[in-house]
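**Q** return a 3D structure for these sequence lines:
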Amino acid sequence: MPTPVSTPRRLSFGPYEADLRSGELRKRGTKVRLQSQPFQLLAMLLERPGELVTREEICQKLWPEGTFVDFDHSLGTAINKIREVLNDSAAEPRFLETVPRRGYRFIATVTAVAEPSQDVSPLPSLETEAEEKNHRKLSSRWFIWAGAGVVLLVAALVAWYSLRPHPIQSIAVLPLENLSTDPNQQFFADGVTDELTTNLAQIGSLRVISHTSAVACSGPRKSALQIARCLGVDALVEGSVVRSGDRVRITVQLIQAASDRHLWAHTYDLQLSDVLTVQGELARAIAASISHTLTPQEDARLSRPRPVDPEVALLYFKGSYFLSKPDPWHARDVFLQATQLDPNSAESWAGLADALHTMGVFGDPNAFDQAKVAANRALEIDPSQAQALMALGATAFLNDWNPGESEAYFRRSIAARPSYAMAHALFATTLAHRGRFEEAIQQIKLAGILDPVSVTINSLAWHVYFCARRYDDALRIILATNELDPTFLPAYRRLAISWEQKGEYQKAIDTGVRGRIAAGEAPEKAKQEASQLRAALASGGPRGYWQTLLDRIPPDERWGLGAAYCYMHLGRHEEALEALEKSYQRRDDPYLIMWIPSREEFDPLRSDPRFQKMLHDLGIS
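**A** Below is the predicted model of the structure:
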């Protein structure tokens, strides 16, 4: 491992030399342009070669006042600029290595450049020194007293500011520690944490960060202030859970982040059957401790008894655990068991609806109708079940092609749980694909604040900005998402689309190869198929690229969005329109409602009456 550098002035690595004082980067003596913020990030990494520099450390040093969503985008942009200047690769790094979800490491050898010797100034004579000493004594005394007064005043102001009570407007629930002797019970501790987060998220006056981001930003070696800065919150809830048979003990405490002061603490000893009811009591107690007044509706929801069969409670938490992975297939099976044991569990029906709707998004069109059945069953039991309402909002849009009904469901879901990040994000996506960009951007920004490090939320933000034709913003967002978690497969297709839109076909091909390898395909096979596209691009330019993609679709299957894109880029507009019409009539592609209204490729078709009819029937026009 490279030796940490002790001299901070000039550092060299490979053919490069960085001057940390002047902020200049040179390659073999020639100055290379690198903007200020990427250079500061590079300097952080160079000062600790071979060590992991965490995302939180970077955030605190370079973006202390920014929101975490902007931080993600800015970090991804800065990393890409550094790699571009150094001619480095994320897949095969020579200098900068990504540690997924954690940070970055500079892996090349770094050496300090010796500074040239400086001329020594002559010492002053003894007579001159004696004359100046008396003058300095008189003037220094005045400055000492004046300085002391300023220091005391500043200290008093700082003490007053830090000790005075600050209103708490935002909060995060950190992962509750699993104190059970069985490590397989971690899903139970995660489930209790997530359920408490869900209950707090129903309080409209309080901004509650999602469980996903709270997990990503927490750590045993981090102070409360560090975690709070990462999440952008005023207070943290932490504690532990232990289960022994049907007995549960939950210990929680509320901490003010700025002062690390404990505001409230309590221990609950309960039966497993009361675990959901106690979550509502906890949320009400936390709200009371920070002087947040609940509305009558909020108080009624959180006060409602929610007894649950102990076995159903365990299944519910396990299903939620699988759904968060996301593994909707296992989640569906577990939630289905829970509903069979207790047909009156609204939470289990809602979890089942969410799992089924996610399966539909992942390519199982038959799951959408099953999701609607499960969601409506949940709402029969609890009309304000936010998760069920969200699933219906997504299903009404993608499966039923009913954007008006979809919007109504999303608004009800958000009203029931104002801090529901995924509901805000999915609503934003549907709004963007309908052309309501201002509202969509507002919703996706709020989702990003509530769940700042979620790759799913950031990936959905790409949809919003791409539909608004803010292509540079969309590209920056999806690059940052891919950097944040290279194992998140949907980001690769979205990134490739962005490169295609900008005419960067080689980069689109490279992205496709990386995505297929990340999905488990053999590198040789992925690269071999990509070589055909590269050859077509080299010989025929963009037209050759799109013709090759079209040739890969069997002639009797050339309908739908994929074929239509190829036809439009080849100038075959009539065939593109026919491909869209056939897919619309077959109703075999739920994504028609998303891309027919928004993709720029289809602009030449928008005046055609047949195209306008499709838009009207989709509820867009």
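**Q** which residues of the stretch 301-450 of the chain fall in helices?
**A** If DSSP state H, counting those that start in this stretch is used as the criterion, the helices of the stretch 301-450 of the chain fall at 310-323, 328-341, 346-361, 366-381, 386-398, 403-416, 421-433, 437-450.
**Q** columns mean pLDDT, mean neighbour count and distance to L276 on top of these, output as CSV?
**A** Any C-beta I mention is one placed from the backbone N, CA and C, and that applies to glycine too. Below are the helices of the stretch 301-450 of the chain laid out as CSV (pLDDT from 0 to 100; neighbours: other Cβ atoms under 10 Å; distance: least, Cβ to Cβ, whole Å):
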stretch, mean pLDDT, mean neighbour count, distance to L276
helix 310-323, 88, 23, 7
helix 328-341, 95, 20, 12
helix 346-361, 94, 27, 7
helix 366-381, 95, 19, 13
helix 386-398, 96, 27, 14
helix 403-416, 95, 20, 16
helix 421-433, 95, 26, 20
helix 437-450, 93, 21, 22
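**Q** where exactly do the helices run in the stretch 501-621 of the chain?
**A** Counting by DSSP H, counting those that start in this stretch, the stretch 501-621 of the chain has helices at residues 505-518, 523-551, 561-569, 573-586, 592-595, 609-617.
**Q** now do the longest one against helix 505-518, angle only.
**A** Just to be clear, that refers to helix 523-551. In terms of direction (axes from the mean of the first three to the mean of the last three Cα atoms, to 10 degrees), helix 523-551 departs from helix 505-518 by 130 degrees.
**Q** R261 is in contact with I255, isn't it?
**A** Yes. Counting by Cβ atoms under 8 Å, R261 touches I255, with 7.0 Å between them.
**Q** more neighbours, those two?
**A** More crowded of R261 and I255, by other Cβ atoms under 10 Å: I255, with 21 against 13.
**Q** just checking, R469 touches E600?
**A** Yes. Applying Cβ under 8 Å, one finds R469 in contact with E600, separated by 6.7 Å.
**Q** A538: neighbour count?
**A** 11.
**Q** which residues are in contact with it?
**A** By Cβ atoms under 8 Å, 6 or more residues apart in numbering, A538 lies in contact with G544.
**Q** next, count neighbours for A522.
**A** 10.
**Q** against L489, how distant is it?
**A** 16 Å (Cβ to Cβ, to the nearest Å).
**Q** likewise R102?
**A** Going from R102 to L489 by Cβ to Cβ gives 20 Å.
**Q** L314 too?
**A** For L314, the distance to L489 - Cβ to Cβ - is 30 Å.
**Q** list the buried residues in stretch 548-563.
**A** Neighbour-count burial for stretch 548-563 flags T548, L549, L550, R558, W559, G560, L561, G562, A563 (criterion: 16 or more other Cβ atoms under 10 Å).
**Q** which residues are in contact with that stretch?
**A** 532-533, 536, 566-567, 570, 575-576, 578-580, 582-583, 586, 588-589, 591-592, 595.
**Q** any quick PyMOL command for the buried ones out of these?
**A** Here is the PyMOL command that selects the buried residues among the contacts of stretch 548-563 (16+ other Cβ under 10 Å):
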select buried, resi 533+536+566+567+570+575+576+578+579+580+583+589+592+595
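**Q** any weak-confidence spans in the chain?
**A** Within the chain, the stretches with pLDDT under 70 are 1-8, 63-74, 91, 115-166, 181, 183, 220-221, 621.
**Q** how does it divide into domains?
**A** What the record gives for the chain is the domain set 10-112, 170-303, 553-621, from automatic domain parsing.
**Q** end-to-end on the first one?
**A** As for domain 10-112, its first-to-last residue distance stands at 6 Å under the measure Cα to Cα, to the nearest Å.
**Q** so how many other residues sit close to the closest residue to S205 other than its chain neighbours?
**A** Nearest in space to S205, with sequence neighbours left out and distances taken as Cβ to Cβ, 6 or more residues apart in numbering, is H292 at 5.2 Å. Burial measure for H292: 19 neighbouring residues, criterion other Cβ under 10 Å.
**Q** got it, and T54?
**A** Look at T54: counted by other Cβ under 10 Å, it has 17 neighbours.
**Q** check contacts around it.
**A** For T54, the contacting residues are R102, G103, by Cβ under 8 Å, 6+ apart.
**Q** nearest to D88, out of the helices of the stretch 501-621 of the chain?
**A** Nearest of the helices of the stretch 501-621 of the chain to D88, taken as Cβ to Cβ: helix 505-518 at 14.0 Å.
**Q** contacts for the closest one, please.
**A** Against helix 505-518 from outside (Cβ under 8 Å, 6+ apart): 91, 486-487, 489, 492-493, 495-497, 499-500, 523, 525-527, 530, 533-534, 537, 542, 545.
**Q** tell me, how many residues neighbour T98?
**A** For T98, the neighbour count with other Cβ under 10 Å is 19.
**Q** hmm, it is touching E92, no?
**A** No. Using Cβ under 8 Å as the test, T98 is too far from E92 to be in contact (11.6 Å).
**Q** what ranges do the helices span in the stretch 101-250 of the chain?
**A** With DSSP H, counting those that start in this stretch as the criterion, the stretch 101-250 of the chain has helices spanning 126-163, 186-200, 211-217, 224-231.
**Q** ok so, going back, ok, of the contacts of helix 505-518, which come out buried?
**A** Applying 16+ other Cβ under 10 Å to these flags 486, 492, 495-497, 499-500, 526, 530, 533-534, 537, 545 as buried.
**Q** now the residues you listed in JSON lines, with distance to R514?
**A** Formatted as JSON lines, the buried ones among the contacts of helix 505-518 follow (distance: Cβ to Cβ, whole Å):
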{"residue": "P486", "distance to R514": "8"}
{"residue": "Y492", "distance to R514": "6"}
{"residue": "L495", "distance to R514": "9"}
{"residue": "A496", "distance to R514": "9"}
{"residue": "I497", "distance to R514": "14"}
{"residue": "W499", "distance to R514": "12"}
{"residue": "E500", "distance to R514": "15"}
{"residue": "A526", "distance to R514": "8"}
{"residue": "A530", "distance to R514": "10"}
{"residue": "L533", "distance to R514": "14"}
{"residue": "R534", "distance to R514": "15"}
{"residue": "L537", "distance to R514": "17"}
{"residue": "Y545", "distance to R514": "18"}
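**Q** please identify the helix or strand for H262.
**A** Using DSSP states H and E, H262 falls within strand 261-271.
**Q** gap between that strand and the chain center?
**A** 30 Å (Cα atoms, centre = their mean, to the nearest Å).
**Q** and stretch 9-22, by the same measure?
**A** 33 Å.
**Q** what comes up buried for it?
**A** R10, L11, S12, F13, Y16, E17, A18, D19, L20.
**Q** distance between the ends of stretch 317-337?
**A** End-to-end distance for stretch 317-337, by Cα to Cα: 12 Å.
**Q** got a list of contacts for it?
**A** Residues outside stretch 317-337 that contact it (Cβ under 8 Å, 6+ apart): 187-188, 190-192, 194-195, 211-212, 315-316, 338, 348-349, 351-352, 354-356, 358-359, 362, 456.
**Q** nearest residue to the middle of the protein?
**A** The centre of the chain sits closest to S454, judged by Cα atoms, centre = their mean, with a distance of 2.6 Å.
**Q** ok, for that residue, nearest residue in space, not its chain neighbours?
**A** Distance criterion Cβ to Cβ, 6+ apart; nearest residue to S454, sequence neighbours excluded, is T212 at 4.8 Å.
**Q** could you check how far that neighbour is from D485?
**A** Look at T212 and D485: by Cβ to Cβ, they are 11 Å apart.
**Q** what residues does the residue nearest to the centre of the chain make contact with?
**A** Residues near S454 by Cβ under 8 Å, 6+ apart: S210, T212, S213, A421.
**Q** got the phi/psi numbers for it?
**A** Torsion angles at S454 (phi, psi; degrees, to the nearest 10) stand at phi -80, psi 120.
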